[in-house]
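Participant: Show me how the following folds:
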Amino acid sequence: MNIRNRKKYGLEQRKIEEQAEKAGKIVKELFPSIVRHRLTDDIESDSSKKRRSRIRNYLTRGSHTLNEEGVNDSLPIAEIFPSTTIVFADIPGFSSWSSAHQPKDTFLLLESVFQEFDRIARKLKVFKVETIADCYVAVSGLPDPRDDHAIVMSQFALECQRKFNRVKDSLSETLDVKELRLRSGLHSGAVTGGVLRGEKTRFQLFGDTMNTSSRMESTGEPAKVQISQQTADLLTEDGKSHWFTPRDDLVFAKGKGYLQTYWLLSDAHIRDLEEQLRQEISVERKTVSWEVDKENIINLK
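Facilitator: Okay, here's the model as predicted:
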């Protein structure tokens, strides 16, 4: 192979590597680790090209072939996650707002907001499920179980409120977004999650927890985070009852009847962090003081 061909080959290899890296990032965003592992565990011995082909076939058609009855015989990837907290967050009045603005303005706002939410999700290890128009859906407690999922998701929802307001401020000079608000709802419980295969394969969540989380959002109020009794109970068990306050009126949810719900208090998680920091500083000062006193005693002896 001459120098020219080697350079050409090298460029082609780099392009392939870049495409593979981009594809890997997309798969990582679309599917939690448990799904990625299940997709590849049984085909690790295959070549890279063959492995990608098999994964693509699984995700789009379910299997390579149909059985004698013409039925897809490959088992779907699906699990029950017993302890999760789910958030729905949307922008009330967004449809009316977007209809009065240029498409580029609509996408500028959503991209700016959702990118900030994505950063918070990565920081708190929250899994982003999907976005539906102006609605952002995320979950804590899967794929890896964690006892503090209600705390983490409450922190996530409150941080999203803060970031949403900052994004509005940054865009206010070019877009009239001052009247827009973020409305969020949380509910905790078991959920079924899995890969729903087809033309546009996605990791999806199903079950009563998803439905109730959606109702917590839709029956909430702009600029507030509404949580269910189940989420409030978990926060109380974790010593965070000061993070929320009861809603004055009961909420009617279809199929549920009237429910007692609660409002998360704005910046409650920040105040906890500040108090923790103050306590740590106090302990450090006492330690330093004791070390000084101990040194003085030693010197006196």
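Participant: CA atoms for contacts and neighbours, from now on please.
Facilitator: Will do.
Participant: what ranges do the strands span in the protein?
Facilitator: 78-90, 127-132, 135-140, 183-196, 202-206, 225-227, 244-246, 251-253, 257-259, 262-264 (DSSP state E).
Participant: so what does the fifth one touch, helix or strand wise?
Facilitator: I take that to be strand 202-206. Applying 3 or more C-alpha pairs under 8 Å, 6 or more residues apart in numbering; DSSP states H and E, one finds that strand 202-206 contacts strand 127-132, strand 183-196.
Participant: Report the inter-axis angle for it versus strand 78-90.
Facilitator: Angle of strand 202-206 versus strand 78-90, following axes from the mean of the first three to the mean of the last three C-alpha atoms, to 10 degrees, is 90 degrees.
Participant: Report the buried residues of strand 202-206.
Facilitator: Buried residues in strand 202-206, defined by neighbour count with 16 or more other C-alpha atoms under 10 Å: Arg202, Phe203, Gln204, Leu205.
Participant: on that earlier part again, mind giving me JSON lines with the strands of the chain and columns for mean pLDDT and distance to Ser170?
Facilitator: As requested, the strands of the chain are arranged in JSON lines below (pLDDT from 0 to 100; distance: least, C-alpha to C-alpha, whole Å):
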{"stretch": "strand 78-90", "mean pLDDT": "94", "distance to Ser170": "19"}
{"stretch": "strand 127-132", "mean pLDDT": "92", "distance to Ser170": "22"}
{"stretch": "strand 135-140", "mean pLDDT": "96", "distance to Ser170": "20"}
{"stretch": "strand 183-196", "mean pLDDT": "92", "distance to Ser170": "20"}
{"stretch": "strand 202-206", "mean pLDDT": "85", "distance to Ser170": "33"}
{"stretch": "strand 225-227", "mean pLDDT": "98", "distance to Ser170": "23"}
{"stretch": "strand 244-246", "mean pLDDT": "96", "distance to Ser170": "29"}
{"stretch": "strand 251-253", "mean pLDDT": "90", "distance to Ser170": "35"}
{"stretch": "strand 257-259", "mean pLDDT": "93", "distance to Ser170": "37"}
{"stretch": "strand 262-264", "mean pLDDT": "98", "distance to Ser170": "25"}
